[in-house]
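Visitor: what shape does this take:
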Amino acid sequence: MPKVYMKKFELKGSNISFHLEGIEFSGFYVDSLTHVERTDTVPSADYLIDLTTEFVSGKDIVVKSCIVRNLNRSVVRGDRLAYTVENFLFDDLIVYDLRGGGDYGPFRMKSNIKFNTFTLRNSTMYNMLNKLIDLQDIPDYPMDVTVENCTFYKWGGGKTGNFLFDIKTNTQASLYLRNNIFGKTNASETVVVNGFRVPVAAYMEITTSVFTPDFVVKDSAYEVVSWDKNEYVETNVDPEWADPDNGNFTLPVNSPLLQMSYEGGIIGDPRWNPVTRADADLGSITLSTGTLSPNFSPSVTSYILHVPEGTTEVTVSGKGHNPRAKVTGGGTITEFPGQVTLTVTAEDGTTKNYTISVWITGIKETLSSIEKLYPNPAKNTVFITAWQTDFISIYNTVGQKVKTVKLEQGTNTIDISSLESGMYIIRSERKPEKVFRLIVK
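Guide: Residues are numbered from 1 along each chain as shown. So this is what the prediction gives:
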């Protein structure tokens, strides 16, 4: 994931669509010589996205699959003028260390803004101050606010008395809270954290969510709010996170929270599922040309790609079964036969290699001295029936000779147990331009 040291993105104009994806954003200064973050100073960035006084209207504002950290104030500021935005989407984020300067929380969109939907999902947010979603004093306007499959920890506080969810005056708003883990707040003897402030006339729904024992709020706590829909919500639940103070919210493998949602899946941010975090399977292989053999399956790690005669290059890439797994390797092959490896690294560091050997269709040509070769594929032994005496050599797909054998007329037993799994070429020492393909599993 590329890393960007930023000041802020200022949005100006009308009908703006804005999309950020797959980037780590840091608000710290960075030393121009050493490229080391200046963690000993106050961050240089106040906001990730700033709707300026020159912003009029927007369509979709999307932040997806990003890390956002070390900001003085907010992920989004949109509290200046009577803006209109169709949709906000914040998906698959890790957000942490927001200092809450000026009483600003992560999503500060109070006062005059109007939007259709605000969605925060599949995200983890921790070490942040003030209101999570600040829609205080927004005039009546039909808007949906959805927070689902999120994990929260060490949040709220800042200015004492702040609400975590503050809609306050918009009676046409709808608040949907689904599949969330509401963790420890920043409440203390000197700082009061309040819970939910939503008009009675607005719609409020909370389902399949839990509150941890250290989720402490004073006014408008979950238990005293008049929810329009309130199902499968539990309090005083210890999620037994792996190491939350250091940003690791992995659940135990036997956690009931892994199957608590209506669909029987995880609640909280899905990235902390210990099963998917160890998933190093490849989900798919993308080829610029050719036919893969055998057909792709995540459990099969060795393939042959047959490409047409006349092919000059082949590009191979892949995606992980778990979208958050990292896939490296692949690329473009220009020499045939050739081989490429895709390596999948799971979220927990587990790795798995997939090898694709590339052959030009028609390259298979039986040596004149060989009548039969079997079994193929083979494991430890191959049998070659020869018409006549010959010397053959076995090469791997990068051109290295790995074995030389003298063939006698009749059936010969060839030990290949010492060879690694993969594909090999047999060449006659008498006629090296002739080849015979051998696959070893």
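Visitor: can you pull up the bridge partners for the spatially closest residue to F88 that is not a sequence neighbour?
Guide: Of all residues not flanking F88 in the chain, F118 sits nearest, at 4.5 Å (C-beta to C-beta, 6 or more residues apart in numbering). All C-beta spots, glycine's among them, are computed from the backbone N, C-alpha and C. Beta-bridge partners recorded for F118 (DSSP bridges): F88, V145.
Visitor: F118: how many residues sit nearby?
Guide: F118: 24 surrounding residues under other C-beta atoms under 10 Å.
Visitor: and what of N248?
Guide: 11.
Visitor: do the same with G331
Guide: What G331 shows, counting by other C-beta under 10 Å, is a neighbour count of 12.
Visitor: list the contacts for it?
Guide: 315-317, 340 (C-beta atoms under 8 Å, 6 or more residues apart in numbering).
Visitor: still on that earlier bit, M143 is in contact with the residue nearest to F88, correct?
Guide: Yes - the pair F118 / M143 is scored as a contact, 6.9 Å apart, by C-beta atoms under 8 Å.
Visitor: would you mind measuring from the residue nearest to F88 to A242?
Guide: As for F118, its distance to A242 is 30 Å (criterion: C-beta to C-beta, to the nearest Å).
Visitor: sorry, back to before: filter the contacts of G331 down to the buried ones, ChimeraX style.
Guide: Buried members of the contacts of G331, defined by 16 or more other C-beta atoms under 10 Å, are picked up in ChimeraX with:
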select :316,317,340
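Visitor: lowest-confidence one in the contacts of G331?
Guide: Taking pLDDT as the measure, the contacts of G331 have their low point at V340 (89).
Visitor: show me what it is bridged to.
Guide: With DSSP bridges as the rule, V340 is bridged to I356.
Visitor: how far away is it from S317?
Guide: From V340 to S317 the distance is 9 Å (C-beta to C-beta).
Visitor: okay, and the common contacts of the two?
Guide: Joint contacts of V340 and S317 (C-beta under 8 Å, 6+ apart) are 330-331.
Visitor: so what's K319 up against?
Guide: 282-284, 286, 327.
Visitor: each with direction, which strands does the strand or helix carrying it pair with?
Guide: Using DSSP states H and E, K319 sits within strand 314-320. Sheet pairing here is set by DSSP bridges, and for strand 314-320 it gives strand 282-287 (antiparallel), strand 331-333 (antiparallel).
Visitor: now those strands in CSV, with distance to D103?
Guide: Formatted as CSV, the strands paired with strand 314-320 follow (distance: least, C-beta to C-beta, whole Å):
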stretch, distance to D103
strand 282-287, 44
strand 331-333, 50
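Visitor: and these, which one averages the lowest pLDDT?
Guide: strand 331-333 (a mean of 92).
Visitor: measure V147 to G265 for me?
Guide: Applying C-beta to C-beta to V147 and G265 gives a distance of 17 Å.
Visitor: settle it for me: which of these two has more neighbours?
Guide: V147 (24 against 15).
Visitor: from the chain's centre, how far out does the one helix or strand the more buried one maps to sit?
Guide: Here V147, judged by DSSP H and E, is contained in strand 143-153. Distance of strand 143-153 from the chain centroid (C-alpha atoms, centre = their mean, to the nearest Å) equals 18 Å.
Visitor: cool, and stretch 298-310?
Guide: 27 Å.
Visitor: rewinding a little: ChimeraX command for the buried members of the contacts of K319?
Guide: Restricted to buried positions by 16+ other C-beta under 10 Å, the ChimeraX selection for these reads:
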select :282,283,327
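Visitor: now, which of the contacts of K319 sits nearest D166?
Guide: G283 (40.4 Å; C-beta to C-beta).
Visitor: burial of Y374, as a residue count?
Guide: Neighbours around Y374, by other C-beta under 10 Å: 10.
Visitor: also V382?
Guide: 24.
Visitor: try S288
Guide: 13.
Visitor: what bridges to the nearest residue to it once chain neighbours are set aside?
Guide: Excluding the flanking residues, the one nearest S288 by C-beta to C-beta, 6+ apart is T315, at 4.1 Å. Beta-bridge partners of T315, counted by DSSP bridges, are T332.
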